[in-house]
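Engineer: please find the sequence and the predicted model below.
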Amino acid sequence: MAQAKVLSFGSLNLDFVYQVDHIVLGGETIDAGEVATHCGGKGLNQSIALARGGADVAHAGIVGADGQALLDICRESGVDVSRVRVDEGRSGHTIIQVDKHGQNSIILFGGTNRGVTQAYIDEALEGYGEGDLIVLQNEVNMLPQIIESAAARGMRVVLNPSPFDARIDECDLSRVWLFFVNEIEGEQITGKSDPAQILDAFAERYPGSNVVLTLGSDGAVAQFGGERFEQPIIPTTAVDTTAAGDTFSGFFLAEYLRSEDVAQAMLCAAQASSIAVSRAGAAPSIPALDEVRAALGA
């Protein structure tokens, strides 16, 4: 298992963040005090977390000619971007207003993230096979086809079904080897709100799958092979929780591939997530493996 290759197939976004006094109203024009551009998207964040966690990971996805910064931050973090395609048109991006109270409003433009075709899926999966991992979220089109194509090659499918929408219902979730879900997504899939009942429902519906359920301030619990592993949060002063979930999943997978130890992977992921939320930003907040190990005293 330690030799398995990892392909993170997902979104790459440019985030345009405007600091405003209040969220703009219909017909209103207001000044923005500051503007900043950040690299983001759940796909990109997962890839960077995997790489900084020590995994050998490649990214598959599509950017436009304006997406050089997205490729650069992946390369700087150790992500192989040779399978990323550059197309005409604009990269996926968000326009985010953040008011003086920290509230935000977001417009998401899918852009080139919505340009996935079956031909590109086949191209991106070339060279991957039995036991390799594909890490997915729901920010690109053709998710059902990606899952089916990867599973047909014998790859282990890892899915964070976020953002949860009707497209998830089109997926054959029995193909998923490992789910990463929070309480809301767990309830959306199972109809249950109690964490234990969520895990019971997953075990009943998808007996061949494993689950990592994150519970905010209550930590996380994993269900692997019928056994459950609980992990409390590692306390910190939260500054920005944007990339917490992606950091958790990336470091969990990286450690699990090294050790095949679920409890150790949960601890490593919790520590990495604790560091990430203590910093501003999404991708820039994700720590390096040495930082996590030092914090754990390893």
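Structural biologist: Thanks, I have the structure now. Everything numeric in this text was worked out from a predicted model, so none of it was measured.

Engineer: look up how far T112 lies from G226.
Structural biologist: 41 Å (Cβ to Cβ, to the nearest Å). In this view, the C-beta of every residue, glycine as well, is placed from N, C-alpha and C.

Engineer: V211 too?
Structural biologist: Between V211 and T112 the computed distance is 31 Å (Cβ to Cβ).

Engineer: the more surrounded of the two?
Structural biologist: The neighbour count for V211 versus T112, taken as other Cβ atoms under 10 Å, is higher for T112 (26 against 23).

Engineer: mind checking how far the closest residue to G225 other than its chain neighbours is from S82?
Structural biologist: With Cβ to Cβ, 6 or more residues apart in numbering as the criterion, G225 has its nearest non-adjacent residue at 7.3 Å, and that residue is N210. Distance, N210 to S82, using Cβ to Cβ: 30 Å.

Engineer: ok, A152 next?
Structural biologist: Going from A152 to S82 by Cβ to Cβ gives 23 Å.

Engineer: ditto for T117
Structural biologist: From T117 over to S82 (counting by Cβ to Cβ), the distance is 19 Å.

Engineer: more neighbours: the two, which one.
Structural biologist: Ranked by neighbour count (other Cβ under 10 Å), T117 and S82 place T117 first, with 13 against 7.

Engineer: neighbours of the nearest residue to that one once chain neighbours are set aside, how many?
Structural biologist: In this structure, T117 finds its nearest non-sequential neighbour in M142, 7.3 Å apart by Cβ to Cβ, 6+ apart. Each residue near M142 was counted by other Cβ under 10 Å, and the total is 19.

Engineer: roughly how far apart are M142 and R167?
Structural biologist: On the measure of Cβ to Cβ, M142 and R167 end up 9 Å apart.

Engineer: same thing with D240?
Structural biologist: Distance of D240 to R167, computed by Cβ to Cβ: 28 Å.

Engineer: I'd say L12 and D66 touch.
Structural biologist: No: applying Cβ atoms under 8 Å, one finds L12 not in contact with D66, separated by 11.0 Å.

Engineer: what is in contact with the two at once?
Structural biologist: Residues touching both L12 and D66 by Cβ atoms under 8 Å, 6 or more residues apart in numbering: S91.

Engineer: of those two, which one has the most company?
Structural biologist: Neighbours were counted for L12 and for D66 using other Cβ under 10 Å; L12 has more, 33 against 15.

Engineer: so for that one, what's the pLDDT?
Structural biologist: Per-residue confidence (pLDDT) for L12: 97.
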